[in-house]
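Participant: this is a predicted model, with the sequence first.
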Amino acid sequence: MELLSSTKVSGGWLKRYRHESLSVKGDMVFAIFLPPQAESASVPVMYWLSGLTCTDENFSQKAGGFKKAAELGLAIVMPDTSPRGTDYPGEHESYDFGSGAGFYVNATVAPYSNTYHMYDYVVKELPTLVEEHFPVTDKRSISGHSMGGHGALICALKNPGRYQSVSAFAPITNPTQCPWGEKAFTGYLGDDREAWKAWDTCELIATATERLPLLVDQGEADNFLEEQLKPEALEQACEKAGHELTLRRQSGYDHSYFFISSFVDDHLVHHAKALGL
Ligand SMILES: CC(=O)Oc1ccc2c(C)cc(=O)oc2c1
């Protein structure tokens, strides 16, 4: 692992690293915020999954979450949103597919299947690395925004026992039924729509064996609300399965990090409680 930068913030430290990833067969960059408590004890971790076009840096620079995380004694790990450094057909042509748009799935269609294994990376490889090298416990929570909200929800639903809590900001709730999801899943998973269901929150809710309560914030002035995000589909799936959902529709808020920064403290407190802080 190569340390790229180390910055003191809110009494803790924000560090960025580059490392060689086996899951994506190439270098990946991630950031970790270590609260002041990590100087004398191991602390639990919240994984933050960012959305389309983002990198490990968006949460650090725009969410404003480190003051509360420092107060709570919570580490935050922020991975990148896709593998980098390849040049597959279509990889750099649009904001919603390829580079910066890994969708937190394991691609099965060539050439993306060679390296686009963001699910394995964020669920297994990165936590193993983080727990080996930093003063953190194996108590984990997961959250994210938009494409990353979808990622957080599927990672939790597909891995009972792995996370203590899950939350999301404006998540893509039903990717098999919206344009962003249909485009990404076709490119990464192929034409068999049945295979897509293993990566769709609304489908996974029906068969979830663990019933972690979901906390979701959604801005009502979000331009992507009706066509892409579909919170009502999540509401219906949760209602049908008897899965606890706190869906907060926030009046006037859009899809930006201004929205995230307005409610990030609530999510951090939600995770801290579940993590026993
Ligand atoms: C920094 C920032 O604003 O990030 C951002 C902007 C737009 C989007 C969209 C449209 C989708 C998504 O998944 O993430 C995302 C993130």
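Facilitator: Received, thanks.
Participant: use CA for all of it now, contacts and neighbours both
Facilitator: Will do.
Participant: how about residues contacting the longest helix seen in the chain?
Facilitator: Longest helix in the chain by number of residues (criterion: DSSP state H): helix 257-274. Here helix 257-274 makes contact (CA atoms under 8 Å, 6 or more residues apart in numbering) with 46, 62-65, 68-69, 72, 74, 141, 164-167, 169, 215, 217, 219, 253.
Participant: tell me the SS of whichever residue of the stretch 1-150 of the chain sits closest to the ligand?
Facilitator: Closest contact between the stretch 1-150 of the chain and the ligand, by CA to the nearest ligand atom, is at Gly51 (3.3 Å). Using DSSP: H, G, I helix; E, B strand; the rest coil, the structure places Gly51 in coil.
Participant: where along the stretch 101-250 of the chain do the helices fall?
Facilitator: Assigned by DSSP state H, counting those that start in this stretch, the helices in the stretch 101-250 of the chain fall at 118-120, 126-133, 147-158, 179-189, 193-196, 201-207, 231-241.
Participant: so for the ligand, which of these sits nearest?
Facilitator: Nearest of these to the ligand, taken as CA to the nearest ligand atom: helix 147-158 at 3.8 Å.
Participant: for that closest one, give the mean pLDDT please.
Facilitator: Averaging pLDDT along helix 147-158 gives 98.
Participant: do that helix and the ligand come into contact?
Facilitator: Yes - counting by CA under 6 Å from any ligand atom, the ligand has neighbours in helix 147-158: Met147.
Participant: ok, and what's touching that helix?
Facilitator: Outside helix 147-158, the residues touching it (CA under 8 Å, 6+ apart) are 48-52, 101, 103-105, 119, 123, 142-144, 162-163, 165-173, 199-201, 204-205, 208, 210.
Participant: list the contacts for the residue sitting nearest the centre point of the chain?
Facilitator: With distances taken as CA atoms, centre = their mean, the residue of the chain nearest its centroid is Leu49 (2.4 Å). By CA under 8 Å, 6+ apart, Leu49 lies in contact with Met78, Pro79, Asp80, Thr81, Ile142, Ser143, Gly144, His145, Gly148, Gly149, Gly151, Ala152.
Participant: go again using 10 Å as the cut-off
Facilitator: Shown in contact with Leu49 (CA atoms under 10 Å, 6 or more residues apart in numbering): 55-56, 59, 77-81, 103-104, 122, 142-152, 168.
Participant: go on, Ala233?
Facilitator: Taking CA under 10 Å, 6+ apart as the criterion, Ala233 is in contact with Thr173, Asn174, Gln177, Thr201, Cys202, Glu239.
Participant: wait, the fourth one sits on Gln177?
Facilitator: Translated: Thr201. No - using CA atoms under 10 Å, Thr201 is not in contact with Gln177; the gap is 11.1 Å.
Participant: between those two, point out the one with more neighbours.
Facilitator: The residue with more neighbours, out of Thr201 and Gln177, is Thr201; 30 against 17, by other CA atoms under 10 Å.
Participant: could you report the pLDDT at the more buried one?
Facilitator: 98.
Participant: strands of this structure, start to end?
Facilitator: Taking DSSP state E as the test, the strands found in the chain are 2-9, 12-21, 26-34, 43-49, 75-79, 136-144, 165-169, 214-219, 245-250.
Participant: near the ligand, which residues of this structure?
Facilitator: In this structure, the chain approaches the ligand at residues Gly51, Leu52, Cys54, Asn58, Ser146, Met147, Ser256, Tyr257, judged by CA under 6 Å from any ligand atom.
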